[in-house]
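>>> what follows is a predicted structure for the sequence shown.
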Amino acid sequence: WYQRRVRGRSSSQAHPADSSVLQTTGQMTDSAITNLEKKDPFADLTEDREDDTQKEDIHIRIQQRNGRKSLTTIQGISQNYDLKRIIKVVKKEFHCNGTVVEHPEYGEVLQLQGDQRKNMKLFLTQIGLASSDQIKVHGF
């Protein structure tokens with residue numbers, strides 16, 4: 001089918017890629033393959049890891065709303081991390097709603113519905129964002 005289509009065209013109608021297909025011999029050389037060198041896809045992440053370490057304490061607090069309703073706030077996460085991506089993962093993990101709020105004194109603060117203090121401490125230590133001694137849990 002392909003050869004009939006190529007043969008049916010005149011030289012002025014031939015597609016530029018068609019001529020290269022007909023001229024190849026069918027044997028592939030090592031110089032034709034460009035991705036032979038080994039490359040670590042996470043190399044740039046490990047190099048930047050020293051700069052991205054959490055230096056300050058992370059404070060996890062609970063605020064009582066009305067009745068049994070409560071709000072968990074997480075403050076002190078480094079600006080090097082994308083808080084919107086963190087909140088997206090946390091919302092799916094803990095089955096709760098949440099948002100990133102700009103606080104005039106504390107900067108960007110994560111807010112989650114419900115009492116998520118234990119879950120957030122465990123989550124932050126498991127993903128390696130902070131060690132357990134850097135996380136301070138406040139409330140009740």
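Looks like it came in fine.
>>> following element in sequence after the longest helix along the chain, please.
The longest helix of the chain (DSSP state H) is helix 83-94. Counting by DSSP states H and E, the next helix or strand C-terminal to helix 83-94 is strand 98-103.
>>> mind listing what's buried along that following strand?
Using 16 or more other C-beta atoms under 10 Å as the test for burial, strand 98-103 gives 98, 100. Placement of C-beta: from N, CA and C, glycine included.
>>> mind listing what's buried in the longest helix of the chain?
Applying a neighbour-count criterion of 16+ other C-beta under 10 Å, one finds 83, 86, 87, 90, 94 buried in helix 83-94.
>>> go on, stretch 129-140?
Neighbour count says stretch 129-140 has 129, 130, 134, 135 buried, by 16+ other C-beta under 10 Å.
>>> which non-adjacent residue is nearest the third one?
Distance criterion C-beta to C-beta, 6 or more residues apart in numbering; nearest residue to residue 134, sequence neighbours excluded, is residue 57 at 5.4 Å.
>>> OK, contacts around that neighbour?
Contact analysis of residue 57 by C-beta atoms under 8 Å, 6 or more residues apart in numbering lists 76, 134, 135, 136.
>>> would you mind writing the CA trace of the helix or strand where residue 119 lies as CSV?
Assigned by DSSP H and E, residue 119 belongs to helix 117-126. Provided in CSV are the C-alpha atoms of helix 117-126 (Å, rounded to 0.1, in the frame of the first residue of the first chain):
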residue,chain,number,x,y,z
ARG,A,117,-2.9,16.4,63.0
LYS,A,118,-1.7,12.8,63.3
ASN,A,119,-2.2,12.0,59.7
MET,A,120,-0.3,15.1,58.6
LYS,A,121,2.6,14.4,60.9
LEU,A,122,2.9,10.9,59.6
PHE,A,123,2.5,12.0,56.0
LEU,A,124,5.2,14.7,56.3
THR,A,125,7.7,12.3,57.9
GLN,A,126,7.0,9.5,55.4
